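A.B. asks: no sequence for this one, just the structure:
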């Protein structure tokens with residue numbers, strides 16, 4: 001195994017050589033190697049020359065010089081790009097945190113219990129330097145406010161020591177350039193439902209006279225970061241995965257509306273194809289004897305397994321819509337199959353044959369697709385849609401695969417004009433996350449108006465029954 005140690009550095013000439021020396025000598029779990037990704041954030045005090053000498057002496061150090069100074073968050077963002085290890089640990093270049101505690105930080109990850117580990121300065125540890133009262137109180141207050149918005153119970157959100165599975169860390173977009181990275185990455189890890197552990201660490205904090213850089217203004221900015229990333233869901237690095245999944249994470253009321261239309265048609269055994277991060281499964285699994293959430297994307301599979309780890313009636317399976325063998329490996333037949341926003345990503349509808357093979361005779365296939373090819377525009381292209389669907393064409397395709405349509409539901413008529421204007425007229429490439437939030441807050445009203453509108457919905461729900469005797 002390999003540990004990537006991410007070290008942002010700015011004007012630390014008095015301590016950087018000793019600090020990196022400690023990192024290079026720090027104990028690691030058995031059979032684990034280390035790489036140091038050191039990012040010099042345009043130091044001006046001679047630190048750069050010291051780093052050049054250190055990197056020349058030790059091949060484990062990979063040194064990146066930034067052309068302009070941007071801050072800790074920007075430096076870590078750069079370091080993440082170069083990380084190749086199984087795990088990634090953030091280490092400041094000062095001497096406030098003790099690298100000898102790496103094994104303690106890594107243990108929950110190595111045991112398979114955690115996706116991220118935070119080192120807490122406020123849990124009981126061997127030693128902690130006593131620092132000014134108000135500095136500690138501000139840290140604890142920020143942690144408390146962050147917990148309120150994240151729904152976590154951390155004791156130290158602002159800690160430097162954060163360790164992640166590298167594949168997960170690489171998938172998180174980091175926007176903060178300065179110290180706002182701490183609340184940002186905490187909020188995003190919470191929203192993505194990472195399993196987060198805390199362990200106690202020692203802390204040898206510096207005073208401002210000794211070189212401490214974070215100030216009260218950064219504390220004020222942290223409040224803004226918490227509020228911003230609570231309102232805005234920016235959870236996956238772009239481009240990554242099906243944009244639909246990311247967008248719907250921030251629209252719980254719309255999801256509730258959608259699931260209220262889907263739920264009456266589900267049996268007690270359900271297979272969901274393209275389950276994503278569990279937005280629908282978490283709402284529809286209740287009262288089901290068995291709910292199988294199928295997904296092909298490794299990160300989404302990881303999120304599903306975390307989410308339903310202790311939910312006995314839900315199982316998570318790797319399921320590629322284009323792979324008939326994945327369906328055959330299920331080894332059972334279901335009363336209903338749910339296929340929401342999947343067909344539009346496929347070149348061919350052959351998956352419908354695979355679905356028929358795992359559906360009981362008379363069982364229901366519930367599909368939801370984007371409607372009307374005339375609306376296909378720049379947003380569809382950004383989301384990766386191959387097409388939008390017409391009701392008659394989709395019903396005909398389903399008949400060819402042994403399904404008879406029993407019900408059609410027009411969904412979200414009220415958004416159709418806005419989609420047309422945004423995607424076809426303005427040619428915007430993505431949906432505004434703020435507009436999605438505002439839309440979600442008015443769903444209680446729009447879902448009542450929607451059935452009264454005379455045009456088709458932005459989305460189409462089609463429920464079809466499998467003909468008896470169809471293989």
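C.D. replies: Nice, I can see it. Only a predicted model underlies this, so the values are computations on that prediction, with no experimental measurement involved. Residues are numbered from 1 along each chain as shown.

A.B. asks: After the lowest-mean-pLDDT helix or strand in the chain, which helix or strand is next? Please name it.
C.D. replies: Every helix and strand in the chain was compared by mean pLDDT, DSSP states H and E; the lowest is helix 243-249, with a mean of 54. With elements assigned by DSSP states H and E, the helix or strand that comes after helix 243-249 is helix 252-262.

A.B. asks: pLDDT on that following helix, on average?
C.D. replies: For helix 252-262, the mean per-residue pLDDT is 93.

A.B. asks: Who are the packing partners of it?
C.D. replies: helix 281-284, strand 334-340, strand 359-370, strand 403-411, helix 433-441, helix 443-449 (3 or more C-beta pairs under 8 Å, 6 or more residues apart in numbering; DSSP states H and E). Every residue, glycine included, has its C-beta placed from N, CA and C.

A.B. asks: Can you give the domain ranges for this structure?
C.D. replies: 2-231, 243-466 (automatic domain parsing).

A.B. asks: Dump the ones you listed to CSV, plus distance to residue 237.
C.D. replies: Converted to CSV, the domains of the chain look like this (distance: least, C-beta to C-beta, whole Å):
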stretch, distance to residue 237
domain 2-231, 5
domain 243-466, 10
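
A.B. asks: need those domains in a markdown table with mean neighbour count, can you?
C.D. replies: Shown next, in a markdown table, are the domains of the chain (neighbours: other C-beta atoms under 10 Å):
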| stretch | mean neighbour count |
| --- | --- |
| domain 2-231 | 18 |
| domain 243-466 | 18 |
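
A.B. asks: what's in contact with stretch 455-470?
C.D. replies: With contact meaning C-beta atoms under 8 Å, 6 or more residues apart in numbering, stretch 455-470 is reached by 261-262, 265, 356, 359-372, 375, 389, 391, 394-395, 398, 402-413, 415-416, 419, 450.

A.B. asks: hey, where'd the strands end up in this structure?
C.D. replies: For the chain, applying DSSP state E gives strands covering 2-9, 33-40, 61-65, 87-90, 116-120, 162-165, 196-200, 269-273, 290-295, 314-318, 334-340, 359-370, 403-411, 459-466.

A.B. asks: for the longest helix that the chain contains, what is the average pLDDT?
C.D. replies: Assignment by DSSP state H gives helix 133-150 as the longest helix of the chain. The average pLDDT for helix 133-150 rounds to 86.

A.B. asks: quick one, that helix and strand 196-200 angle?
C.D. replies: Put simply, helix 133-150 runs at 160 degrees to strand 196-200, going by axes from the mean of the first three to the mean of the last three C-alpha atoms, to 10 degrees.

A.B. asks: Which neighbouring elements make contact with helix 133-150?
C.D. replies: helix 181-191, helix 216-231.

A.B. asks: how about these in a markdown table, adding mean pLDDT?
C.D. replies: Converted to a markdown table, the helices and strands packed on helix 133-150 look like this (pLDDT from 0 to 100):
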| stretch | mean pLDDT |
| --- | --- |
| helix 181-191 | 94 |
| helix 216-231 | 85 |
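
A.B. asks: Mind putting those helices into TSV with distance to residue 9?
C.D. replies: Formatted as TSV, the helices and strands packed on helix 133-150 follow (distance: least, C-beta to C-beta, whole Å):
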stretch	distance to residue 9
helix 181-191	15
helix 216-231	18
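
A.B. asks: Can you check which of these gets nearest to residue 204?
C.D. replies: Nearest to residue 204, of all these, is helix 181-191, at 18.7 Å by C-beta to C-beta.

A.B. asks: what's next to that closest one, contact-wise?
C.D. replies: Contacts for helix 181-191 (C-beta under 8 Å, 6+ apart): 72-73, 76, 115-116, 142, 146, 149-152, 154, 157-159, 162, 164, 172-176, 196, 222, 225-226, 229-230, 233-235, 249.

A.B. asks: for stretch 147-156, same thing?
C.D. replies: 118-123, 139, 143, 146, 157, 186-187, 190-191, 196, 198, 226-227, 230.

A.B. asks: Let me have the strands of the chain in JSON lines, extended by mean pLDDT.
C.D. replies: JSON lines is the format used below for the strands of the chain (pLDDT from 0 to 100):
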{"stretch": "strand 2-9", "mean pLDDT": "96"}
{"stretch": "strand 33-40", "mean pLDDT": "97"}
{"stretch": "strand 61-65", "mean pLDDT": "97"}
{"stretch": "strand 87-90", "mean pLDDT": "96"}
{"stretch": "strand 116-120", "mean pLDDT": "95"}
{"stretch": "strand 162-165", "mean pLDDT": "95"}
{"stretch": "strand 196-200", "mean pLDDT": "95"}
{"stretch": "strand 269-273", "mean pLDDT": "97"}
{"stretch": "strand 290-295", "mean pLDDT": "96"}
{"stretch": "strand 314-318", "mean pLDDT": "95"}
{"stretch": "strand 334-340", "mean pLDDT": "97"}
{"stretch": "strand 359-370", "mean pLDDT": "96"}
{"stretch": "strand 403-411", "mean pLDDT": "97"}
{"stretch": "strand 459-466", "mean pLDDT": "97"}
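
A.B. asks: now those strands as CSV including distance to residue 351?
C.D. replies: Below are the strands of the chain laid out as CSV (distance: least, C-beta to C-beta, whole Å):
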stretch, distance to residue 351
strand 2-9, 38
strand 33-40, 41
strand 61-65, 43
strand 87-90, 36
strand 116-120, 35
strand 162-165, 30
strand 196-200, 36
strand 269-273, 7
strand 290-295, 11
strand 314-318, 15
strand 334-340, 8
strand 359-370, 11
strand 403-411, 12
strand 459-466, 14
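
A.B. asks: just so I know, which of those lies nearest residue 281?
C.D. replies: Nearest of those (C-beta to C-beta): strand 290-295, 4.7 Å.

A.B. asks: to the chain's geometric centre, what's the distance from the closest one?
C.D. replies: Between the centre of strand 290-295 and the centre of its chain there are 19 Å (C-alpha atoms, centre = their mean, to the nearest Å).

A.B. asks: outside of that strand, which residues touch it?
C.D. replies: 268-276, 278, 281, 284-285, 301, 304, 308, 313-319, 326, 330, 334.

A.B. asks: relative orientation of it and strand 269-273 in degrees?
C.D. replies: Orientation check (the same axes, to 10 degrees): strand 290-295 against strand 269-273 gives 10 degrees.

A.B. asks: Each with direction, which strands does strand 290-295 pair with?
C.D. replies: When pairing is defined by DSSP bridges, strand 290-295 lines up against strand 269-273 (parallel), strand 314-318 (parallel).

A.B. asks: closest to residue 45 out of those strands?
C.D. replies: Closest among those, using C-beta to C-beta: strand 314-318, at 51.3 Å.

A.B. asks: Including distance to residue 434, could the strands paired with strand 290-295 go into JSON lines?
C.D. replies: Below are these laid out as JSON lines (distance: least, C-beta to C-beta, whole Å):
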{"stretch": "strand 269-273", "distance to residue 434": "29"}
{"stretch": "strand 314-318", "distance to residue 434": "32"}
